[in-house]
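Peer 1: Return atomic coordinates for the entry below.
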Amino acid sequence: MFEILVWAGAALSVAGLIGLMWCIMHVVRARGKKLDDDALRAVVQKVLPYNLGALFLSVIGLMLVMVGIFLG
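Peer 2: The predicted structure follows:
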C-alpha cells in the first residue's frame, strides 16, 4: 500500500515539475518577444498562479513520497 503512496507522490512531483517548466518556457518566450515592461509584467502576473500551483503540486508529491518511505 505504501508503495502506491510513493509512486503517486512521484507522479505528482513530476506533474508539478512539468508545470514549472511550462511556466518558465512561457515567460522566456515572452521575454524573447522584447515586450515593454508593462506587457512583460502582465505576462508574469498571468503565469504566477500556475507557477505557485505547480510548485504546490511538487511539494505535496514530495511529501507523499517521504511519508510512503517512512511508513513503508
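Peer 1: Spatially, what comes nearest to Y50 if we skip its sequence neighbours?
Peer 2: With C-beta to C-beta, 6 or more residues apart in numbering as the measure, C23 is the residue that lies nearest to Y50, at 5.6 Å, once sequence neighbours are left out. (Glycine included, C-beta is placed from N, CA and C.)
Peer 1: Please apply the same query to L20.
Peer 2: With C-beta to C-beta, 6+ apart as the criterion, L20 has its nearest non-adjacent residue at 4.7 Å, and that residue is A54.
Peer 1: So the one you found: helix, strand or coil?
Peer 2: Under the three-state scheme (DSSP: H, G, I helix; E, B strand; the rest coil), the conformation of A54 reads as helix.
Peer 1: Give me the mean pLDDT for stretch 37-47.
Peer 2: For stretch 37-47, the per-residue pLDDT values average out at 95.
Peer 1: Count the residues that sit near F56.
Peer 2: 13 (other C-beta atoms under 10 Å).
Peer 1: Next up, the contacts around the spatially most central residue of the chain.
Peer 2: Averaging the C-alpha coordinates of the chain gives a centre point, and the residue nearest to it by C-alpha atoms, centre = their mean is A54 (2.6 Å). With contacts defined as C-beta atoms under 8 Å, 6 or more residues apart in numbering, the neighbours of A54 are A15, G16, L17, I18, G19, L20, W22, C23.
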